[in-house]
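> this one's sequence-less:
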């Protein structure tokens, strides 16, 4: 913190992000508002993403002393709260929503509240590692979950799904059918005017309402009528034939549990850390001083390139 020039450290100004890639498990501290860069707290090329590992990481970084808010994907939420992973009957940590009672998914909102996380009851298999109040519902993974259900509901022989295959030719057919897209790919489709032209009326209504929610609720801007926007999107997804996943359930039943400004506390900055540290492939999973120096130098070079582009742009305008 001192090296970053921060005169005062306030734990409430930071949030914790934990995730794993093919090469390693990472634990990163992110600033609320994204004013400062990410701080790597823990890194392992041997530990797997599981309950005992997460418990060990929290112990090593002394989480009990700092009590940061936590913004991670829902798989990691299961480990943190001791819930069973996979397709379970009661996956929600806020209420006893029955994921298998599909006849009531789009109509019922009065599911019983989950009062505690008792081991052995309602798909809780381990003691909770953190308090439920510290968990932030993840905006990025919510957006990815909405995109997944939208694509899965498309007619696989229709023009819209065919256009995705042309636009995202680097993705395998299996990934396209299951709707597995990352943040940059979703933004690419949002900015493509030809994509919406490939849709029928029902698909177009679902897509435009999804884009509206992404731009006016799941990002830095939160419209005053965001509740109406979310409800409109949910109705259009229902008309399209989408299934209600756990991420859609949070929008449908727990919209008031999302923070005020999702752009300031999104886990997207943590996911970007995966991209920043891609040189770990070059080091074949080794974490040493050479790899850390390489990572720090890459950040410095990126800053130098940005300043250089800006200076050239100013000089060009002055000559012109």
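Cool, got the structure. Only a predicted model underlies this, so the values are computations on that prediction, with no experimental measurement involved.
> okay, and for the stretch 51-200 of the chain, where does confidence drop off?
Within the stretch 51-200 of the chain, not a single segment meets pLDDT under 70.
> which residues in it form strands?
Taking DSSP state E, counting those that start in this stretch to define them, one finds strands in the stretch 51-200 of the chain at 69-70.
> Which stretches in it count as helices?
51-60, 63-66, 74-81, 139-153, 159-167, 173-178, 183-190, 193-197 (DSSP state H, counting those that start in this stretch).
> So which of these is nearest residue 228?
Closest to residue 228 of the helices of the stretch 51-200 of the chain is helix 139-153 (CB to CB; 16.8 Å). All C-beta atoms are positioned from the backbone trio N, CA, C, and that covers glycine.
> tell me which strands and helices that closest one is in contact with?
If contacts are counted by 3 or more CB pairs under 8 Å, 6 or more residues apart in numbering; DSSP states H and E, helix 139-153 sits against helix 173-178, helix 183-190, helix 201-216, helix 226-240, helix 246-253, helix 268-276.
> Compile these into TSV and extend it with columns for mean neighbour count and distance to residue 3.
Below are those laid out as TSV (neighbours: other CB atoms under 10 Å; distance: least, CB to CB, whole Å):
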stretch	mean neighbour count	distance to residue 3
helix 173-178	13	40
helix 183-190	15	29
helix 201-216	18	36
helix 226-240	18	39
helix 246-253	20	37
helix 268-276	18	18
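> Could you tell me the least trusted of these?
If the helices and strands packed on helix 139-153 are sorted by mean pLDDT, helix 268-276 sits at the bottom with a mean of 53.
> Can you give the domain ranges for this protein?
The chain resolves into domains spanning 8-82+126-136+266-293, 87-125, 139-257 when parsed by automatic domain parsing.
> Not counting sequence-adjacent ones, nearest residue to residue 243?
residue 149 (6.2 Å; CB to CB, 6 or more residues apart in numbering).
> and that neighbour, how many residues sit next to it?
20 (other CB atoms under 10 Å).
> From residue 236, how far off is it?
12 Å (CB to CB, to the nearest Å).
> likewise residue 227?
Relative to residue 236, residue 227 is positioned 15 Å away (CB to CB).
> What of residue 74?
Looking at residue 74 against residue 236, where the rule is CB to CB, the gap reads 23 Å.
> Need the three-state assignment for the closest residue in space to residue 40 that isn't next to it in sequence.
Spatially, and ignoring its direct neighbours in sequence, residue 40 is nearest to residue 28 (5.7 Å; CB to CB, 6+ apart). The three-state assignment at residue 28 reads strand, by DSSP: H, G, I helix; E, B strand; the rest coil.
> my guess is residue 28 contacts residue 43, does it?
No - assessed by CB atoms under 8 Å, residue 28 is found out of contact with residue 43, at 9.1 Å.
> quick one, which of those two is more surrounded?
residue 28 (25 against 17).
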